[in-house]
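Q: just a sequence and a predicted model for now, questions to come.
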Amino acid sequence: MQAEKIWLDGSFVPWDQARVHVMTHALHYGTSIFEGIRAYGTKDGGAAVFRLQEHVDRLFDSAAIFRMEIPYTREEISEAIKETVRVNNLKSCYIRPLVFRGGEKVGLNPLDVPVRVMVAAIPFGAYLGEEGLRKGIRAKISSYNRSYINSTSTKAKIGGNYVNSVFAAMEVAADGYDEAILLDTNGYVAEGPGENIFWARRGKVFTTPVPTVLEGITRSSVMTLCEDLGYPVVETHTTRDELYISDEVWFTGTAAEITPIREIDGITIGKGEAGPIARALQDKFFKVVTGEDPAYEHWLARI
Ligand code: PPE
């Protein structure tokens, strides 16, 4: 996991020199916001960032929620993202912009701590494994709940929020599962540690409503692609047992892309393999992101 250069506070530095002080506020208190973005190699030999504008907009939304002022414009950040892919000679990759309270301070109020910005891009394969992408993964409901809506913020991708995800991920990994599913504080299904969740039952497709989960950009893309395939998606709350008896369940996320779930809590979902809707969605999604579907060219920022 390494690339040549990282964009840090407005210019490129060698990977090894992109360093911070150990007393950095964000390191102690999770006072950062970030994005996860993917670029894909396209069929014409180039590369394109998937839904760049939406990711940059969400980064600025996260900053507003977390009272951080990003010292660059949206255009400058978009350009930095594309340039980071270019200078590292990457095509398919994962891009991580991070905005953090970069000054040294002990004390919780960060409003006087300087904001720093970095963009890294790294080669990246299937988040939950190639086999997981193809055949489906084994998930487990975590005993940790997704943080209550007023504990932090569900709309913002705040570094500190992810401790909740890390607890769930560690717990189910220790039990031998590939990924966690978190319930919300009312006991309804919320999302994965870094993924939204969809399920299909009796020919209808569902996903959880956004107030309790991150408003995923892959989620919204998949909702559109689902509609194209003739399955308008219903946003609703559900219980863990409805997942058990669904025909298909899958995760969506920038990192996870569209990852089928073939087992939950030891119970086989559907036929225990990637189901037909998930497979059709994957097929369409990978065509879209690699520029093979002209109808969705507007989702791509060519590099
Ligand atoms: N929910 C959560 C909690 C979440 O972190 C993500 C993204 C999603 C849903 C899906 O959102 P979107 O990427 O816009 O479709 N998780 C990022 C971080 C993963 C990581 O391990 O780091 C990601 O997929 O990039």
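A: Good, I have the coordinates. Everything numeric in this text was worked out from a predicted model, so none of it was measured.
Q: which residues are in contact with the residue in the stretch 1-150 of the chain that the ligand sits nearest to?
A: Closest approach between the stretch 1-150 of the chain and the ligand, counting by C-beta to the nearest ligand atom: Gly36, at 2.0 Å. All C-beta spots, glycine's among them, are computed from the backbone N, C-alpha and C. Contacts for Gly36 (C-beta atoms under 8 Å, 6 or more residues apart in numbering) come out as 94-96, 157, 194, 253-255.
Q: between those, which sits nearest Asp293?
A: Thr254 (18.4 Å; C-beta to C-beta).
Q: the helix or strand hosting Glu171: which residues count as buried?
A: Using DSSP states H and E, Glu171 sits in helix 162-174. Using 16 or more other C-beta atoms under 10 Å as the test for burial, helix 162-174 gives 162, 164-165, 167-169, 171-172.
Q: any idea how far Phe251 is from the residue of the stretch 1-150 of the chain closest to the ligand?
A: Per C-beta to C-beta, to the nearest Å, Gly36 is found 14 Å from Phe251.
Q: could you do Thr290 as well?
A: Thr290 is 20 Å from Phe251, where distance means C-beta to C-beta.
Q: more neighbours: the two, which one.
A: Phe251 (30 against 19; other C-beta atoms under 10 Å).
Q: where does that one fall, secondary structure wise?
A: Taking DSSP H and E as the criterion, Phe251 maps to strand 248-253.
Q: helices and strands around that strand, which ones?
A: Contacts defined by 3 or more C-beta pairs under 8 Å, 6 or more residues apart in numbering; DSSP states H and E place strand 248-253 against strand 196-201, helix 217-228, strand 257-264, helix 276-289.
Q: look up how far Phe34 lies from whichever residue of the stretch 51-200 of the chain sits closest to the ligand.
A: Going by C-beta to the nearest ligand atom, the ligand is nearest to Gly194 of the stretch 51-200 of the chain, at 3.4 Å. Separation of Gly194 from Phe34 (C-beta to C-beta): 11 Å.
Q: equivalent analysis for Asn164, please.
A: Taken as C-beta to C-beta, the span from Asn164 to Phe34 is 15 Å.
Q: which residues in the stretch 1-150 of the chain form helices?
A: 25-29, 52-65, 74-87, 130-135 (DSSP state H, counting those that start in this stretch).
Q: contact partners for the closest residue to Lys5 other than its chain neighbours?
A: Take Lys5 and drop its neighbours on the chain: the residue closest to it by C-beta to C-beta, 6 or more residues apart in numbering is Phe12, 4.4 Å away. By C-beta under 8 Å, 6+ apart, the contact set of Phe12 is 5-6, 83-84, 87.
Q: just for the stretch 201-303 of the chain, where's the confidence low?
A: In the prediction, the stretch 201-303 of the chain carries no residues with pLDDT under 70.
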